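>>> Pasting a predicted model and its sequence here:
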Amino acid sequence: MAAYYFSSDQKSRSRRWRLNASFVGAIVLVASTAAHQVLAASSTLTPRRKRLNIDTISDNLKTMEYAVRGKIAIEADRISGELSSPTGETFPFDHIVYTNIGNPHAVQQKAITWPRQVMALLQLPDALGIDHPNASQMFPEDAIQRAREMKKSLGGHGIGAYTNSKGVAQFRKDVAKFIEERDGAEPGSVDIEKMYLTTGASEAITMIMRALIKDSNCAIMTPTPQYPLYSATLDLLGGEKVGYYLDEESGWGLNMEELERSLAEAKAKGTNVVGLVLINPGNPTGNVLSGDQVKDIVMFCARHNIVLLSDEVYQENIYREGDEFFSSRRAADELGLIESDGIQLCSFHSTSKGVLGECGQRGGYVEMVGIDDDVNEILYKLAATKLCSNAPGQAMTSLMCRGLNPGDVSYESLEGEKRAIFEGLRDRALLVSKGLDSIPGFSCQPSTGAMYCFPSVELPPGVIKASEEMGFSPDTLYALDLLQTTGICVVPASGFGQRPGRFGFRTTFLSPESKSVVEKIRDHYPTFCSKYSEEIEVA
């Protein structure tokens, strides 16, 4: 090893350098300390307002409202926390019944076994899962085989890696085949390059709406009542809402004259209507449209050159004998509009509803018709900014669209679990809608699809006056009192939109407590009305 020696002169210079460096360091330290002291004193003497505050935050974000998780749901969570605390406030109930949101697993619906077995194998390292010597003792062969296929589609690295921004190609092929078989379409007619697997249907909807709203004069037609994702997203994007009323007396049916009226009024104001939302089966209304009604909507959009956003996440939730799900894509195909390139259509589906109820997996898709390649390239760029949707959600979407075949080991058990969930939903849909409709002062249309009932409720004048003084809608006051009295969490109908003078709420029928929920609502109503009757108000 080489040795290095310093001369006495070099050592002297080295010592002087070390002294000078120390001196400079001390000066820097003193200067830095002084600067911090000045800054601290300045901050003390002239306090500055934080850059992000309630005045500087986006105005669109402030005005945006999402009623499903709004005022009532926030209060429900607060009460739930009080109930779980030994020193919390006491209430005349011991738990909250959350009927405000279509979240099946949160209200005791069991996960279906086979899809979860496949998902477990996808999550496990191969040595602990598909290649484990005892795998067949823990998992059925059809789950192992499907997981092996899916891992191969994922490039052999499982669901821990990013995927293509549109989603795994094989999973999109599974969706395409599902659509073709559902609609009786020609094999190969669904283009997987015009499809995106997304983090739930909500992400897909937001993506398309973002592309549609070019400026503040752009508008999208939405049903009244509607799922508040649409109004909230329009508020956030700065677009306009153009509502069209559903006909409550005819079971929340569509009226084409109402659509033409709404569009004509918007055009007369100079509004640029670029899209129309169709929710079928309906949320919050629980109605199911016939094939002819869907065709009418499709023709309306084609005639007026409006992009149709078809929300079809409840397509599996159809309960009335004789009803069927008729997709907008099928309608467009049968009308010859796909072949002639005469319609622009974006259809949405999700793993969160149906009988799977896998809300937390966040799987969904949008499939597009009539969208040009250059537009698709821009949409791809938007999707790529998020890199990809979550891979487990993509996998669950594939499993939703491609299940098992007769003769497969798990086929009978899978179908049996799905049938039991469906029948429970069907029975509770009838129980809740009929039960609510039988309450004096209530009117509730039959819920023939989806997961909700949307009753109207007569409220005394005192409620109207009290709610005005409190600064919120009359049915918000009703829902708040119902929550604080019974522990039942519903969503005020005003959060979905309704005709002026109508009041009500949306409730799910997912909970196994649905029968007692109806009875508690029945018992609460006259007591609530008496609180705000004119006699008490005068006294």
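The structure has been received and is ready for your questions.
>>> So Leu482 sits against Arg522, correct?
No: if you go by CB atoms under 8 Å, Leu482 and Arg522 don't touch, sitting 11.3 Å apart. Yep, even glycine has a C-beta here, placed from its N, CA and C like the rest.
>>> Now do the phi/psi pair for the residue nearest to the spatial centre of the chain.
Centroid-nearest residue in the chain, with CA atoms, centre = their mean: Ser202, separated by 4.5 Å. When read as degrees, to the nearest 10, the backbone of Ser202 gives phi -60, psi -40.
>>> Now it: closest residue in space, sequence neighbours ignored.
Closest residue in space to Ser202, ignoring its immediate chain neighbours: Leu229 at 5.8 Å, by CB to CB, 6 or more residues apart in numbering.
>>> For the one you found, report the pLDDT, please.
With respect to pLDDT, Leu229 has a value of 93.
>>> can you check the one 3 residues further on too?
The confidence metric pLDDT takes the value 92 at Ala232.
>>> Over to Glu149?
Per-residue confidence (pLDDT) for Glu149: 97.
>>> Count the residues that sit near it.
Per other CB atoms under 10 Å, the neighbour tally for Glu149 reads 14.
>>> re earlier: in this structure the residue nearest to the centre of the chain contacts Tyr365, no?
No: in this structure Ser202 lies outside contact range of Tyr365 using CB under 8 Å: 11.9 Å.
>>> Pop out the phi and psi values for the closest residue to Asn255 other than its chain neighbours.
In this structure, Asn255 finds its nearest non-sequential neighbour in Asp247, 5.4 Å apart by CB to CB, 6+ apart. Note on Asp247: backbone dihedrals following degrees, to the nearest 10 are phi -90, psi 100.
>>> Quick check: bridge partners of Asp247?
Assessed by DSSP bridges, Asp247 has beta-bridge partners Gly253.
>>> ok, back up a step: who are the contact partners of the residue nearest to Ser202?
Leu229 makes contact with Tyr66, Ser202, Ile205, Thr206, according to CB atoms under 8 Å, 6 or more residues apart in numbering.
>>> most neighbours, which of these?
Neighbour counts for those, by other CB under 10 Å, peak at Ile205, which reaches 24 neighbours.
>>> Local confidence estimate at that residue?
97.
>>> residue ranges of the helices in the stretch 351-500 of the chain, please?
Using DSSP state H, counting those that start in this stretch, the helices of the stretch 351-500 of the chain run over residues 373-384, 391-401, 411-437, 461-470, 474-486.
>>> measure Gln123 to Ser352 for me?
Between Gln123 and Ser352 the computed distance is 20 Å (CB to CB, to the nearest Å).
>>> So for the two, which sits in the more crowded spot?
Taking other CB under 10 Å, Gln123 and Ser352 do not tie; Ser352 has more neighbours (25 against 15).
>>> can you give me the strands in this protein?
Using DSSP state E, the strands of the chain run over 97-98, 195-198, 218-224, 240-245, 272-279, 307-311, 345-350, 364-369, 442-443, 452-453, 456-457, 488-489, 491-492, 505-508.
>>> Select, out of those, the one closest to Pro406.
Closest approach to Pro406 among these (CB to CB): strand 345-350, 23.8 Å.
>>> ok, and what's touching the closest one?
Identification of contacts with strand 345-350 by CB under 8 Å, 6+ apart yields 179, 200-201, 204-205, 208, 298, 301, 307-313, 315, 327-329, 332, 363-371.
>>> Can you get me a residue count around the residue lying closest to Gly370 once chain neighbours are set aside?
Once flanking residues are discounted, Gly370 sits nearest to Gln344: 4.0 Å by CB to CB, 6+ apart. If you count neighbours by other CB under 10 Å, Gln344 ends up with 23.
>>> quick one: Gln344 and Gly81, what's the gap?
Going from Gln344 to Gly81 by CB to CB gives 47 Å.
>>> Greatest separation within the contacts of Leu229: which pair is it?
Tyr66 and Ile205 (13.1 Å).
>>> which non-adjacent residue is nearest Asp296?
Closest to Asp296 by CB to CB, 6+ apart is Met256, at 5.5 Å.
>>> Give me the neighbour count for the one you found.
Met256 - counted by other CB under 10 Å - has 13 other residues nearby.
>>> pretty sure it contacts Phe300?
Yes: using CB under 8 Å, Met256 is in contact with Phe300, at 6.7 Å.
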